[in-house]
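Enquirer: mind looking at a prediction? Sequence and model below.
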Amino acid sequence: MEELERQGKKIPEDVAVTGYDNSLYARQGQGITTITHPQEKLGEMAAKLLLEKLGGVPDEESTVERLIRPELIIQGSSVKTGRDYKFWFCTGSQDLYGDECLRKVAEHSKIIVEELNKSGVLPFEVVWKPTLITNELIRKTFNDANADKKVQERLASWMRTAVGIMESSHIRVCRVADNMRNVAVTEGDKVEAQMKFGWEIDAYPVNEIAEYVQDVSQGDIDVLVEEYYNKYDMILDGRDPEEFKKHVAVQAGIEIGFERFLEEKNYQAIVTHFGDLGSLKQLPGLAIQRLMEKGYGFGGEGDWKTAAMGIEAVYIDGDTTIRNLQNELRWNSMYFSK
């Protein structure tokens, strides 16, 4: 490794290094990726075999396990972190100590940073910052960190992950008509999913949710159809406009009925399939797309896993409004508790 460094090669960026035996040398600095074999186990096995030999036990009757399981220890010499973190080294002091003392503090803190970076112990760079001696300088330093684009991106990523974890812990999926026949790939271990992730997956007869669709008033359907026509371009392709509008109205009724069912039963995702429509007049196409737009997860052909995962993404950008954010976080218990 020293020779590689003399040749200007970076470890592990240019060359990965691995060793064997997990010696003390392998544990220095960022460490060398190595294989450790269980020496105590080897000694124990040897002692047991010796006792068997002394006792005259034939090899074929031996009860000593001869399988040794070495362990791979991955360390800094073979793994690229893929991250470019930088840690700021900020030293605090006060004006009342005087210029000479503050000069020494700054000098010593620089030495500490230089030695830390040279030691190879830390996987990331340490950056020296001027001594913090006033409230204004302290505030400016932390504001500079907060304003850094990479810091903001990582915080945003962490926040989205945190929301996803919170969201996932209480997801409830409504499975309309359960799994589609002859499509086993969309099935899975629902008990294990609840134990591991907290997901609850419940199946309902299609006609139970269809009753909610049938109960939607014509007035509510007309209002939503008008919204459809104002929002979307309807491509008739030679179809009769009035007849087409009747089909659109069916989707409006399905959307309203499905959403009322999901809200009443407290479900955040829904699964359907075309193998069992019951009394529904159409396959819920536009209705499902609209529910997904509102933040509900969806999976086709009984795929409850896709439905559960589909509600975890939360997008926040320059076009985000409070109303949109509320829709995206509507089922987040942490959000409601705030």
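Expert: Structure's in. What do you need? Numbers count the residues shown, from 1 in each chain.
Enquirer: and the average pLDDT for stretch 37-50 is what?
Expert: Per-region confidence: stretch 37-50 scores 89 on mean pLDDT.
Enquirer: show me which helix runs longest in this protein.
Expert: In the chain, taking DSSP state H as the definition, the longest helix is helix 241-265.
Enquirer: how near is residue 217 to residue 297?
Expert: 28 Å (C-beta to C-beta, to the nearest Å). Where C-beta positions appear, they are placed from N, C-alpha and C, glycine not excepted.
Enquirer: what do you get for residue 59?
Expert: Taken as C-beta to C-beta, the span from residue 59 to residue 297 is 60 Å.
Enquirer: give me the more crowded residue out of those two.
Expert: residue 297 (25 against 9; other C-beta atoms under 10 Å).
Enquirer: thought the more buried one was touching residue 305?
Expert: No - between residue 297 and residue 305 there is no contact under C-beta atoms under 8 Å: 10.0 Å.
Enquirer: skipping its backbone neighbours, what lies nearest residue 178 in space?
Expert: Nearest non-adjacent residue to residue 178, counting by C-beta to C-beta, 6 or more residues apart in numbering: residue 203, 4.0 Å away.
Enquirer: do the same with residue 276
Expert: residue 177 (3.9 Å).
Enquirer: ok, now which ones touch residue 14?
Expert: Counting by C-beta atoms under 8 Å, 6 or more residues apart in numbering, residue 14 touches residue 4.
Enquirer: what ranges do the helices span in the stretch 1-150 of the chain?
Expert: All helices of the stretch 1-150 of the chain, identified by DSSP state H, counting those that start in this stretch, fall at 2-6, 39-54, 99-119, 135-147, 149-168.
Enquirer: restrict the third one to CA atoms and write it as CSV.
Expert: Listed in CSV are the C-alpha atoms of helix 99-119, where the atom choice follows Å, rounded to 0.1, in the frame of the first residue of the first chain:
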residue,chain,number,x,y,z
ASP,A,99,-5.2,38.3,20.0
GLU,A,100,-2.2,36.2,20.9
CYS,A,101,-4.3,33.5,22.5
LEU,A,102,-6.8,33.5,19.6
ARG,A,103,-3.8,33.2,17.1
LYS,A,104,-2.6,30.2,19.0
VAL,A,105,-6.1,28.6,19.0
ALA,A,106,-6.4,29.1,15.3
GLU,A,107,-2.8,27.7,14.7
HIS,A,108,-3.5,24.6,16.9
SER,A,109,-6.8,23.9,15.3
LYS,A,110,-5.2,24.0,11.9
ILE,A,111,-2.6,21.5,13.1
ILE,A,112,-5.3,19.2,14.4
VAL,A,113,-7.1,19.3,11.0
GLU,A,114,-3.9,18.7,9.1
GLU,A,115,-3.0,15.7,11.2
LEU,A,116,-6.5,14.2,11.1
ASN,A,117,-6.5,14.4,7.3
LYS,A,118,-2.9,12.9,7.1
SER,A,119,-3.7,10.1,9.5
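Enquirer: so what touches that helix?
Expert: The contact list for helix 99-119 (C-beta under 8 Å, 6+ apart) reads 29, 89, 91, 93, 95, 97, 122, 125-128, 130-131, 133.
Enquirer: for that helix, the averaged confidence score.
Expert: Helix 99-119 shows a mean pLDDT of 92 in the predicted model.
Enquirer: for that helix, buried residues please.
Expert: Buried residues in helix 99-119, defined by neighbour count with 16 or more other C-beta atoms under 10 Å: 102, 105, 106, 109, 113, 116, 117.
Enquirer: and of these, the nearest to residue 265?
Expert: In terms of C-beta to C-beta, no member of those lies closer to residue 265 than residue 116, at 56.6 Å.
Enquirer: pretty sure the residue nearest to residue 178 belongs to a strand, no?
Expert: Yes - applying DSSP: H, G, I helix; E, B strand; the rest coil, one finds residue 203 inside a strand.
Enquirer: what sits against it?
Expert: Contacts of residue 203 by C-beta under 8 Å, 6+ apart are 175, 176, 177, 178.
Enquirer: among those residues, which are in strands?
Expert: Of the positions in those, 175, 176 sit in strands, assigned by DSSP state E.
Enquirer: just send the contacts of residue 203 back as a markdown table, with neighbour count, distance to residue 12 and pLDDT too.
Expert: Output for these, formatted as a markdown table (neighbours: other C-beta atoms under 10 Å; distance: C-beta to C-beta, whole Å; pLDDT from 0 to 100):
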| residue | neighbour count | distance to residue 12 | pLDDT |
| --- | --- | --- | --- |
| 175 | 23 | 47 | 92 |
| 176 | 24 | 51 | 92 |
| 177 | 23 | 53 | 88 |
| 178 | 18 | 50 | 84 |
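Enquirer: and the contacts of residue 203 as CSV, adding distance to residue 68?
Expert: As requested, those are exported to CSV (distance: C-beta to C-beta, whole Å):
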residue, distance to residue 68
175, 48
176, 54
177, 54
178, 49
